[in-house]
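K.L.:
Would you be able to build a 3D model of this:
(4 chains)
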Number of protein chains: 2
Amino acid sequence: MKTLSRKEEIINVAAKLFKEKGYSAVSMRDIAAGIDIKAASLYNHITGKQEILSAIILKVAKEFTQGMESVVAEKVSSIKKIEHVIELHIDITVNYSDALAALNNDWMHLETEDLKAFVKMREDYEQNFRTILKQGIEAGEIKPYHPEVILFSILSTLRTLYLWYEKRGKLDVNILKKDMVSVLIKGIV
Amino acid sequence: MKTLSRKEEIINVAAKLFKEKGYSAVSMRDIAAGIDIKAASLYNHITGKQEILSAIILKVAKEFTQGMESVVAEKVSSIKKIEHVIELHIDITVNYSDALAALNNDWMHLETEDLKAFVKMREDYEQNFRTILKQGIEAGEIKPYHPEVILFSILSTLRTLYLWYEKRGKLDVNILKKDMVSVLIKGIV
DNA sequence: AATTCTAACTAACAAGCGTTAGTTTTGTTT
DNA sequence: AAACAAAACTAACGCTTGTTAGTTAGAATT
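P.N.:
Down below sits the predicted model:
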């Protein structure tokens, strides 16, 4: 357990508050109160509210981008790749569940460069996933549904996992992985 | 095409803006500008910002509650009931896609009575869905996974469908229903 | 012991917020 | 044409917002 720098502390507290009320409804005074200092003191550590949001979102977005690129490069079946994408999401959810709320709900409050960077990462990520699915369909591993329906179905489940993970008392990660893979890939009947 | 009352117009414009930026980031002046009047004029038609949010969210929440109760009362197999829940979500998504954004992301900004009413409806809804799944598992129609994993997986897909429906150019509803049912129930392998 | 640096503080700013009061315009009913 | 109601307007209110300036206390470095 490394001790956190003040900046990391600010970002963690902010992420938790953003998760509860959303970026716009959280004030700098709220964030400051969360670590028992005054709002003006925050500016000794960060340049502004925007920097906090960027730090939260882009860090996790990079983890997704990087993780997805690793999976794409693997020399395994498409189904195995999808399994690994599911596991990637679960791992990130477990480690950054507060940040994921901001990534899902507050990305539109990013500005200029950061917004563009985020949107690009998100598009690339989806495109990689789409490619995996199409290859799986071509190879006959996956039923020939419209790839968009499959993509959306799996991705929306994975993206909102953070809402659900904490509520159910932080279940065992390995059991979660096994069950999620089964339900999402093999169906329920 | 019935002509809208001013109040309905306000609510529709607000819902669209809430979808784009979230409740807290949308000002009364923004909403007013959306129908080309001044902010103060809104108050001839509504009592305040809160009433707009309540109107948007509770209307749709009631549709879900009512629809789910109809499905539960049906004398059909559990699988058929799940199919009908999926179709219910798709129908509501098509008719109220803006309102669904507020329902998903801004419900926590409801106050007192309205907040309590919403949370109760949501819990009841999930409980009904859970019951359908458990009966399906008991009857051997559904694989014996942990019902929570199935519930979460299907529900999170359906709840974020609004994000996806408009982006893909408003696909045909019947095709969408057919594909979603297949993917969510039968899996992809 | 003197100096520098870090991170807190108080005070205040201009701008924007939701909302209210009072007035004027618009369109309908008598 | 006069009277009325509905719905717009202008102006302003008290409050909160993100942020800046200037100051101070304590720790680290010289």
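K.L.:
Return the residues of chain A in contact with DNA strand C.
P.N.:
Residues of chain A lying close to DNA strand C (CB under 7 Å from any atom of the strand) are A:6, A:32, A:36-41, A:44-45. From N, CA and C alone the C-beta is placed, and that goes for glycine too.
K.L.:
now the helices for chain A?
P.N.:
A:6-21, A:28-34, A:49-73, A:78-95, A:97-105, A:112-138, A:147-159, A:161-165, A:173-181 (DSSP state H).
K.L.:
Mind putting those into CSV with mean pLDDT and mean neighbour count?
P.N.:
Output for the helices of chain A, formatted as CSV (pLDDT from 0 to 100; neighbours: other CB atoms under 10 Å in any protein chain shown):
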stretch, mean pLDDT, mean neighbour count
helix A:6-21, 97, 19
helix A:28-34, 97, 16
helix A:49-73, 98, 18
helix A:78-95, 95, 19
helix A:97-105, 97, 22
helix A:112-138, 96, 16
helix A:147-159, 92, 21
helix A:161-165, 90, 20
helix A:173-181, 87, 16
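K.L.:
Let me have these in a markdown table, extended by distance to B:F18.
P.N.:
As requested, these are arranged in a markdown table below (distance: least, CB to CB, whole Å):
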| stretch | distance to B:F18 |
| --- | --- |
| helix A:6-21 | 14 |
| helix A:28-34 | 21 |
| helix A:49-73 | 19 |
| helix A:78-95 | 26 |
| helix A:97-105 | 12 |
| helix A:112-138 | 19 |
| helix A:147-159 | 20 |
| helix A:161-165 | 19 |
| helix A:173-181 | 31 |
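K.L.:
Quick one: closest of those to B:Q50.
P.N.:
helix A:6-21 (15.2 Å; CB to CB).
K.L.:
Now do the closest one: which elements does it pack against?
P.N.:
The contact analysis (3 or more CB pairs under 8 Å, 6 or more residues apart in numbering or on different chains; DSSP states H and E) places helix A:6-21 against helix A:28-34, helix A:49-73, helix A:97-105.
K.L.:
can you redo those helices as TSV with distance to chain B?
P.N.:
Formatted as TSV, the helices and strands packed on helix A:6-21 follow (distance: least, CB to the nearest CB, whole Å):
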stretch	distance to chain B
helix A:28-34	12
helix A:49-73	12
helix A:97-105	6
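K.L.:
what residues does chain A put near DNA strand D?
P.N.:
Looking at DNA strand D, the residues of chain A close enough under CB under 7 Å from any atom of the strand are A:26-30, A:39-40, A:42-43, A:47-50.
K.L.:
Look up the closest residue to the residue positioned nearest the centre of chain A, ignoring the ones flanking it.
P.N.:
Taking CA atoms, centre = their mean, the centroid of chain A lies closest to A:L100, which sits 4.5 Å from it. Leaving aside its chain neighbours, A:L100 sits nearest to A:Y162 (4.0 Å; criterion: CB to CB, 6 or more residues apart in numbering or on different chains).
K.L.:
That neighbour against A:N95, yeah?
P.N.:
No. Counting by CB atoms under 8 Å, A:N95 is not a contact partner of A:Y162; they are 10.6 Å apart.
K.L.:
related to what we said a few turns ago, any idea which of the helices and strands packed on helix A:6-21 gets closest to B:K81?
P.N.:
helix A:97-105 (29.4 Å).
K.L.:
which helices and strands sit right next to that closest one?
P.N.:
Where contact means 3+ CB pairs under 8 Å, 6+ apart, helix A:97-105 is packed against helix A:6-21, helix A:49-73, helix A:161-165.
K.L.:
Perfect, that will be all.
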